[in-house]
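Novice: Model the structure of this input:
(one chain, ligands or ions: 1)
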Amino acid sequence: MQHVISVQNINKTYASGFTALHDVSLDIQRGEIFALLGPNGAGKTTLISIICGIVNATRGTVCADGHDIQADYRAARSKIGLVPQELATDAFESVLATVKFSRGLFGKAPNPGYIEQLLRQLSLWDKRDSRIMALSGGMKRRVMIAKALSHEPSILFLDEPTAGVDVELRRDMWNMVRGLQERGVTIILTTHYIEEAEEMADRIGVINKGRLVLVEDKTSLMEKLGTKQLRLHLQTPLQALPASLAPFNLALSEDGQQLTYSFDAQHENTGITELMRALSAQGLDFKDLHSKQSSLEEIFVNLVREQA
Ligand SMILES: Nc1ncnc2c1ncn2[C@@H]1O[C@H](COP(=O)(O)OP(=O)(O)OP(=O)(O)O)[C@@H](O)[C@H]1O
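Specialist: Numbers count the residues shown, from 1 in each chain. Predicted coordinates for the structure are as follows:
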């Protein structure tokens, strides 16, 4: 698969002496939705700011759509749309003027038809003559997206796109992201919301303390790292776990009616057969059992905890 972005050995030490990124390398495939997950301060914004040419790396290179972000800044940047966390724009300008101006910044010829379609898609057309400062927070977010897409970029970065937005905007945003992907646009988003990555992304990268600790296809990540849990509902409640069951590290629910066994679904020997034998030897009957895959959230929390 062709790489639309290639990040190689990026290090970033801020003037304060703080190193926010340690030797980060990452390839983004054309047309994918890539979610960069990480806790506060992990280095997500720093990394995307470097890829977008807003912050200079201390070391390393970034290539966007075949252009080096430093040596060939204008060409690289014209391929990229960035929806930042904060809106930095002239509050006195109208929506339409702001979005048209953004397009002009990238040296693109005016295209009123495209801008109208974009504003309609983002439910901003009726507000096109409103001043930015008169808009609600959600509408300002929509303007940020319109600005980022004004020059028809082939790569779109969304930095924490749904932090603090309402359900309607969140839904519109994801519909738009899917529509863009169908048209071949590559999307990279940062998020704290694991369910967002789980729902939207094709691949997931986890960044923690400035290090990219994992990059993986979402489905295989969930299969590979996910432990499974087997829940057994007992026929008769237990007061305490019998000593013979200790090797299985079972969790007994407070009411004594449920036993939970965690196992590695990828492992050849899951230990389930042995567990069943041990339960039977203890004369423990159960009335129901079911198994459950861990969510990405559990995987993520475990990864970040391991690194702490
Ligand atoms: N200009 C700067 N000077 C010094 N340190 C900085 C600067 N910008 C960011 N940092 C530090 O670098 C680290 C990474 O910050 P960054 O904003 O990239 O994290 P993040 O993962 O985007 O966090 P959040 O999810 O909170 O937005 C943080 O510890 C932050 O304090």
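
Novice: Which parts of this protein are strands?
Specialist: Per DSSP state E, the chain carries strands over the ranges 3-13, 19-29, 33-37, 59-64, 67-68, 80-83, 155-159, 186-191, 203-208, 211-217, 227-234, 251-252, 258-264, 286-293.

Novice: Quick one, which of those gets closest to the ligand.
Specialist: strand 19-29 (3.5 Å; Cβ to the nearest ligand atom). No exception for glycine: its C-beta is placed from N, CA and C like everyone else's.

Novice: Now look at the closest one and say if it contacts the ligand.
Specialist: Yes - against the ligand, strand 19-29 shows contacts by Cβ under 6 Å from any ligand atom at Ala20.

Novice: Make 45 the first number, not 1, from now on.
Specialist: Sure thing, new numbering starts at 45, so read that last one as strand 63-73.

Novice: Give me the buried positions along that strand.
Specialist: Ala64, Leu65, Val68, Leu70, Ile72 (16 or more other Cβ atoms under 10 Å).

Novice: Same check on stretch 70-83?
Specialist: Quick answer for stretch 70-83 (16+ other Cβ under 10 Å): Leu70, Ile72, Gly75, Glu76, Ile77, Phe78, Ala79, Leu80, Leu81, Gly82.

Novice: Once you drop chain neighbours, what's closest to the fifth one?
Specialist: Nearest residue to Ile77, sequence neighbours excluded (Cβ to Cβ, 6 or more residues apart in numbering): Ile231, at 4.6 Å.

Novice: Likewise for Lys56?
Specialist: Leu65 (4.1 Å).

Novice: who's in contact with His195?
Specialist: Ser122, Gly125, Ser146, Arg147, Leu149, Phe150, Lys152 (Cβ atoms under 8 Å, 6 or more residues apart in numbering).

Novice: Can you tell me which of these are buried?
Specialist: Here, 16+ other Cβ under 10 Å leaves Ser122, Gly125, Ser146, Arg147, Phe150 buried among the contacts of His195.

Novice: And the second one, how close does it get to Cys96?
Specialist: Spelled out, that is Gly125. Plainly put, Gly125 is 9 Å away from Cys96 if you go by Cβ to Cβ, to the nearest Å.

Novice: any common contacting residues for those two?
Specialist: With Cβ under 8 Å, 6+ apart, Gly125 and Cys96 have common neighbours Phe201.

Novice: Quick check: residues of the protein near the ligand?
Specialist: Residues of the chain lying near the ligand (Cβ under 6 Å from any ligand atom): Tyr58, Ser60, Phe62, Ala64, Gly82, Asn84, Gly85, Ala86, Gly87, Lys88, Thr89, Thr90.

Novice: quick one, helices of the stretch 95-244 of the chain?
Specialist: Along the stretch 95-244 of the chain, the segments classed as helices by DSSP state H, counting those that start in this stretch run 117-122, 139-149, 156-165, 181-193, 211-226, 238-244.

Novice: State the distance from the closest residue to Lys272 other than its chain neighbours to the ligand.
Specialist: Counting by Cβ to Cβ, 6+ apart, Ala309 is the residue found nearest to Lys272 once chain neighbours are left out, at 4.3 Å. Ala309 is 31 Å from the ligand, where distance means Cβ to the nearest ligand atom, to the nearest Å.

Novice: so where is this structure shaky, pLDDT-wise?
Specialist: Applying pLDDT under 70 to the chain flags the ranges 45-46, 131, 133, 267-270, 338-343, 350-352.

Novice: okay, which residue is most central for it?
Specialist: Central residue of the chain (Cα atoms, centre = their mean): Ala79, 2.9 Å from the mean position.

Novice: Which residues does that one form beta bridges with?
Specialist: Leu233, Ile248 (DSSP bridges).

Novice: my guess is it meets Glu243, correct?
Specialist: No - using Cβ atoms under 8 Å, Ala79 is not in contact with Glu243, being 9.6 Å away.

Novice: returning to what we had before: farthest-apart pair in the buried residues of stretch 70-83, please.
Specialist: Using Cβ to Cβ, the buried residues of stretch 70-83 span at most 23.4 Å, a distance reached by Gly75 and Gly82.

Novice: what's the burial count for Ala189?
Specialist: I think there's a mix-up here, since residue 189 is Ile and not Ala. Ile189 is flanked by 24 other residues according to other Cβ atoms under 10 Å.

Novice: In contact with the nearest residue to it once chain neighbours are set aside, which residues?
Specialist: Sequence neighbours aside, Val127 is the residue nearest to Ile189 in space, at 5.4 Å (criterion: Cβ to Cβ, 6+ apart). By Cβ under 8 Å, 6+ apart, the contact set of Val127 is Met188, Ile189, Ala192, Leu200, Phe201, Leu202, Asp203, Pro205.

Novice: what's the closest of those residues to Ile113?
Specialist: Phe201 (12.5 Å).

Novice: Pretty sure that closest one sits against Val229.
Specialist: No - between Phe201 and Val229 there is no contact under Cβ under 8 Å: 11.0 Å.
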